[in-house]
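Participant: what follows is a predicted structure for the sequence shown.
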Amino acid sequence: MKIEQIYTGCLAQGAYYIESNGEVAIIDPLREVQDYIDRAAKDNAKIKYIFETHFHADFVSGHVTLAEKTGAKIVYGPSAQTNFDALIAEDNQVFKLGNITITVLHTPGHTMESACYLLKDENGKDHALFSGDTLFLGDVGRPDLAQKGAITEKELAGFLYDSLRIKVMTLADDVIVYPAHGAGSACGKNLSKETVGTIGNQKETNYALRENMTKEEFVKEVTDGLLPPPAYFPLNVKLNREGYENIEDVIKNSAKPLSAEEFELLANETDAVILDVRDQSEFSKGFIPQSIFIGLGGTFAPWVGALIKDIKQAILLVTPIGEEESTITRLSRVGFDNVIGYLDGSFETWINSGKEMDVLNSISVENLSKKIKESTIVFDVRKASEYQSEHALIAQNTPLDYLNDYISQFPEKETFFVHCAGGYRSVIAASILKARGFHNVIDIEGGFDAIQKSGIEKTAFVCPTTIK
């Protein structure tokens with residue numbers, strides 16, 4: 001028996017490859033599926049099942065394409081409804097895979113069709129639980145994504161409480177937990193950086209699995225502090241339920257090299273977003289006017305989904321040379337399939353063509369400290385929880401996720417400064433603001449990390465008790 005976790009850091013997502021005696025199951029595959037096919041071929045094995053823990057909201061799964069390419073059966077938990085051929089399993093239904101078995105445990109709460117998959121080894125012993133978004137390490141799945149009709153998030157949270165205590169917490173402490181996500185995912189609130197754990201460890205450390213916790217307490221704690229989900233979530237659910245275009249066709253249609261003239265013409269004649277994915281330092285030195293920066297070096301795809309509201313939005317790309325196809329692939333993982341071309345030769349092509357460029361003004365913390373006055377305007381674009389933990393006294397919190405909600409707060413004429421933790425998010429924010437006409441924005445180099453290490457007097461900061 002082989003179990004391999006295939007973790008994609010950009011999405012904070014774990015897919016799973018399971019092989020036993022020449023038969024393979026894939027759990028929650030990514031949209032690009034050739035790696036799974038190649039892995040099975042290397043093992044001289046056949047992909048038999050594709051198990052989906054639920055209709056994913058944060059990425060487009062590869063289940064439809066993988067089934068088409070391999071003939072494997074797609075399996076969902078009870079109550080799932082799809083527009084493609086799938087086996088809708090019954091609760092406790094058992095699937096044989098080589099010398100092992102995988103049992104479906106219906107665990108509604110995150111969504112109504114959510115299921116965990118319990119793997120029993122060759123001796124029939126409970127070995128591992130593939131917990132999807134039902135149970136994370138340190139947290140549980142948010143219960144507000146599948147509200148429909150009369151079902152409320154509190155009712156879903158109640159279902160989740162029952163699912164965890166009846167189906168999950170009754171398992172032996174040594175059962176391995178393989179969740180669908182880790183830290184950085186928007187599918188939970190306080191996910192651990194670890195990606196593999198045990199039932200026993202989660203009983204000891206996960207707030208939602210506390211012994212003697214009442215359902216009322218669980219519902220209150222799980223629903224407290226939930227931020228609105230990114231706009232692309234329901235659009236991804238729709239694709240996962242109804243089907244989607246083969247990613248190979250998406251890449252073929254999207255990977256169109258454009259000269260500077262062709263790129264400029266398309267930018268002027270369409271409503272395309274110019275998305276620059278180079279390193280933030282390179283972007284700051286020079287970029288095409290009206291470009292939006294979201295660099296490949298950060299959690300790229302989730303930020304695209306959070307900030308570009310419509311997955312059908314036309315996109316023109318400026319990428320590092322050689323990263324064109326990779327960028328298109330990563331966009332497609334979250335359903336953004338409408339790339340209409342990329343700048344051939346990257347930004348150098350634009351410069352060499354004598355086209356107009358823009359730059360992002362920045363300032364070091366040392367120079368900023370010399371200019372700080374009572375009237376200095378600073379915006380902190382980190383998450384609210386980061387801001388509440390520790391922040392500069394003069395800074396206002398305008399989280400990047402919800403930047404559009406704060407547009408009216410940014411001054412039109414006075415110079416103002418933005419920062420995040422290290423610089424990635426603040427450059428994103430500054431690029432959006434400049435595209436909207438706020439050319440009076442200045443990025444603070446190094447962000448709050450640099451501020452903390454600087455010689456600025458501590459009276460410039462407020463450090464409330466860290467939230468636990």
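Facilitator: Yep, it's here. Keep in mind that what you see is a predicted model, and the values were worked out from it rather than measured.
Participant: is G422 in a helix, a strand, or coil?
Facilitator: Classification of G422 by DSSP: H, G, I helix; E, B strand; the rest coil places it in coil.
Participant: test my guess that it contacts I444.
Facilitator: No - between G422 and I444 there is no contact under C-beta atoms under 8 Å: 10.6 Å. Just so you know, the C-beta spots here come from the backbone N, C-alpha and C atoms, and that holds for glycine as well.
Participant: compare those two (neighbour count), which wins?
Facilitator: I444 (26 against 16; other C-beta atoms under 10 Å).
Participant: chain neighbours aside, what residue packs nearest to the more buried one?
Facilitator: Nearest residue to I444 in three dimensions, chain neighbours excluded: H419, at 3.8 Å (C-beta to C-beta, 6 or more residues apart in numbering).
Participant: now swap in K355 and tell me
Facilitator: Leaving aside its sequence neighbours, K355 sits nearest to A260 (C-beta to C-beta, 6+ apart; 5.7 Å).
Participant: residues contacting the one you found?
Facilitator: By C-beta atoms under 8 Å, 6 or more residues apart in numbering, the residues touching A260 are L343, T349, W350, N352, S353, K355.
Participant: please repeat the previous calculation with a cut-off of 6 Å.
Facilitator: Applying C-beta atoms under 6 Å, 6 or more residues apart in numbering to A260 gives the contacts T349, W350, S353, K355.
Participant: out of the residues you listed, who has the most neighbours?
Facilitator: When neighbours are counted by other C-beta under 10 Å, W350 leads the contacts of A260 with 21 neighbours.
Participant: confirm that it sits in a helix.
Facilitator: Yes - counting by three-state DSSP, W350 is located in a helix.
Participant: so how far is E356 from it?
Facilitator: According to C-beta to C-beta, to the nearest Å, W350 stands 9 Å off from E356.
Participant: does A12 really touch P179, like I thought?
Facilitator: No - with contact defined as C-beta atoms under 6 Å, A12 does not reach P179; the gap is 10.1 Å.
Participant: of the two, which one has the most company?
Facilitator: Between A12 and P179, counting by other C-beta under 10 Å, P179 is the more crowded of the two (33 against 23).
Participant: partner residues bridging the more buried one?
Facilitator: Counting by DSSP bridges, P179 is bridged to G132.
Participant: could I get the full set of strands for the stretch 151-300 of the chain?
Facilitator: Per DSSP state E, counting those that start in this stretch, the stretch 151-300 of the chain carries strands over the ranges 176-179, 197-198, 257-258, 273-276, 292-293.
Participant: now render those as CSV, adding mean pLDDT and distance to G225.
Facilitator: Output for these, formatted as CSV (pLDDT from 0 to 100; distance: least, C-beta to C-beta, whole Å):
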stretch, mean pLDDT, distance to G225
strand 176-179, 98, 20
strand 197-198, 98, 23
strand 257-258, 98, 44
strand 273-276, 98, 31
strand 292-293, 98, 29
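Participant: identify the residues contacting N212.
Facilitator: Going by C-beta under 6 Å, 6+ apart, the list of residues near N212 is empty.
Participant: how far away is it from R165?
Facilitator: 11 Å.
Participant: then I308?
Facilitator: For I308, the distance to R165 (C-beta to C-beta) stands at 39 Å.
Participant: and the nearest residue to I308 once chain neighbours are set aside, how far is that from G298?
Facilitator: In space, and not counting its chain neighbours, I308 is closest to V273: 6.1 Å by C-beta to C-beta, 6+ apart. Separation of V273 from G298 (C-beta to C-beta): 18 Å.
Participant: before we move on, the earlier item: reformat the strands of the stretch 151-300 of the chain as a markdown table; add distance to R333.
Facilitator: Putting the strands of the stretch 151-300 of the chain into a markdown table (distance: least, C-beta to C-beta, whole Å) gives the following:
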| stretch | distance to R333 |
| --- | --- |
| strand 176-179 | 18 |
| strand 197-198 | 25 |
| strand 257-258 | 22 |
| strand 273-276 | 15 |
| strand 292-293 | 19 |
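Participant: how about these, which one is nearest Y244?
Facilitator: Nearest to Y244, of all the strands of the stretch 151-300 of the chain, is strand 273-276, at 20.6 Å by C-beta to C-beta.
Participant: CA atoms of the closest one as CSV?
Facilitator: Output of strand 273-276 as CSV, limited to C-alpha atoms (Å, rounded to 0.1, in the frame of the first residue of the first chain):
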residue,chain,number,x,y,z
VAL,A,273,-7.3,43.2,-16.9
ILE,A,274,-3.5,43.6,-17.4
LEU,A,275,-2.2,41.1,-14.8
ASP,A,276,1.6,41.4,-14.0
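Participant: which SSE is the nearest residue to D28 once chain neighbours are set aside in?
Facilitator: Excluding the flanking residues, the one nearest D28 by C-beta to C-beta, 6+ apart is A15, at 5.1 Å. Element membership for A15 (DSSP states H and E) is strand 13-20.
Participant: what's the answer for Y342, then?
Facilitator: Using DSSP H and E, Y342 falls in strand 339-343.
Participant: paired strands for that strand, with orientation please.
Facilitator: strand 257-258 (parallel), strand 315-318 (parallel).
Participant: rewinding a little: the residue nearest to D28 touches A25, doesn't it?
Facilitator: No - between A15 and A25 there is no contact under C-beta under 6 Å: 11.1 Å.
Participant: for this structure, which spans come out with low pLDDT?
Facilitator: For the chain, the stretches with pLDDT under 70 are 147-149, 455-468.
Participant: how does it divide up, domain by domain?
Facilitator: Partitioning the chain according to automatic domain parsing yields domains covering residues 2-231, 245-352, 362-462.
Participant: measure the longest one end to end?
Facilitator: It stands for domain 2-231. Domain 2-231 has an end-to-end distance of 37 Å (criterion: C-alpha to C-alpha, to the nearest Å).
Participant: centre of the chain to that domain, how far?
Facilitator: Between the mean C-alpha location of domain 2-231 and the chain-wide mean there is a distance of 16 Å, by C-alpha atoms, centre = their mean, to the nearest Å.
Participant: ditto for the shortest one
Facilitator: Averaging C-alpha coordinates over domain 362-462 and over its chain gives two centres that are 24 Å apart (C-alpha atoms, centre = their mean).
Participant: show me the helices in the stretch 1-150 of the chain, by range?
Facilitator: Secondary structure of the stretch 1-150 of the chain (DSSP state H, counting those that start in this stretch): helices at 34-42, 63-70.
Participant: one step back: neighbour count winner among A15 and A25?
Facilitator: Using other C-beta under 10 Å as the criterion, A15 and A25 rank with A25 on top: 26 against 22.
Participant: give the contact list for that one.
Facilitator: I18, Y49, F51, L97.
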